[in-house]
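Colleague: got a structure for you, letters missing:
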């Protein structure tokens, strides 16, 4: 393959500010990908998912198909705010590429394209292939998960092309996650003259933290993190309002049910007399767990790796992706079909140049064996 052409195409994607909230940037990336697919002669369609996010893009070789042999999934957005590209556009050294979203997951978008470019015409005629690129994965796919879910229900298998792990492993399982916001409403008072008349929202919040942490279960891999707190107005005022944001992670969806119920019970009971606590769920992604059909797909990928001379290993990881949603529907789903990378969501993000071509071959081989 022409690796320099790949890197040039990647640069056009990385050098666009396209955090989820930068709708115009996401739309620009969608436009670039649409043109690349149209040059290959594939059918493309923009998908309106509301004004809060950029468009999704659906690509297919058989637009009239009711069923797909495979759904490839990637996302157009990153976590980075406007101005990031000006600070650190895509750069390279002898072995790595750097830049916002270079591995999470602009390169995954290109790997889907290049795997199809490499695929035999006979396989393209034989298979019904759909590619879904959504605009809001980094904020939980709130606007797009139903769209992707409907496509997944029409598909035999789903391959998500997030980056492979730093050791080259693909992803067979992902923790589920849920986000919550707790709002504490108390009574304000002068901290010097009338402290007894106040009901401190901050004290209630402090009481809640240890109680919430205690809902975790290390044996089950269930964790809760109170990651953001804010409240109060001045040091001499008993605070009447405070807010906490919580992140919940779990391997088993039953654990989500348990913790969610206990959170509701705790908040209904309250953490300090005179202070009300309101619980609001902000996000939810079910755990990515496999079934017998997933195991069969996993074996097929390993055979494809053997045929290409690529050792295929697997990881179960704590971070979520769109694979969580499709796996929860019972559709065999595997993840990590992009090139090898790491440092996601940080300025240290990188992509291993030497992994690009082998991972395209692997994905292409998997497609040919479906």
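Modeller: Structure's in. What do you need? Bear in mind the structure is a predicted one, so any value in this text is a computation, not a measurement.

Colleague: what residues are up against residue 79?
Modeller: Contact analysis of residue 79 by CB atoms under 8 Å, 6 or more residues apart in numbering lists 19, 20, 104, 138, 345. The way it works is simple: take the backbone N, C-alpha and C, and place the C-beta from them, glycine included.

Colleague: Can you give the domain ranges for this protein?
Modeller: 3-174+287-369, 176-285 (the TED database).

Colleague: Leaving out chain neighbours, which residue sits closest to residue 231?
Modeller: residue 242 (2.7 Å; CB to CB, 6 or more residues apart in numbering).

Colleague: in which helix or strand would I find the one you found?
Modeller: For residue 242, the enclosing helix or strand under DSSP states H and E is strand 241-250.

Colleague: Report the angle between the next helix or strand after that strand and strand 241-250.
Modeller: The first helix or strand that comes after strand 241-250 along the chain, using DSSP H and E, is helix 253-269. Between helix 253-269 and strand 241-250, the angle comes out at 160 degrees (axes from the mean of the first three to the mean of the last three CA atoms, to 10 degrees).

Colleague: What residues sit buried inside helix 253-269?
Modeller: Buried residues in helix 253-269, counted by 16 or more other CB atoms under 10 Å: 255, 256, 258, 259, 260, 263, 266, 267.

Colleague: out of those residues, who's nearest residue 70?
Modeller: Residue 70 lies nearest to residue 256 out of the buried residues of helix 253-269, by CB to CB, at 28.6 Å.

Colleague: How much space separates the closest one from residue 179?
Modeller: Residue 256 sits 12 Å away from residue 179, taking CB to CB, to the nearest Å as the criterion.

Colleague: Quick one: the helices in this protein, in order.
Modeller: 3-14, 23-39, 84-87, 107-118, 121-126, 145-153, 201-213, 253-269, 292-308, 322-328, 356-368 (DSSP state H).

Colleague: for the ones you listed, which one sits closest to residue 162?
Modeller: helix 107-118 (5.7 Å).

Colleague: Give the other helices and strands that the closest one contacts.
Modeller: helix 3-14, helix 23-39, strand 68-75, strand 129-134, helix 356-368 (3 or more CB pairs under 8 Å, 6 or more residues apart in numbering; DSSP states H and E).

Colleague: could you redo the last one with a cut-off of 7 Å?
Modeller: helix 3-14, helix 23-39, strand 68-75, helix 356-368 (3 or more CB pairs under 7 Å, 6 or more residues apart in numbering; DSSP states H and E).
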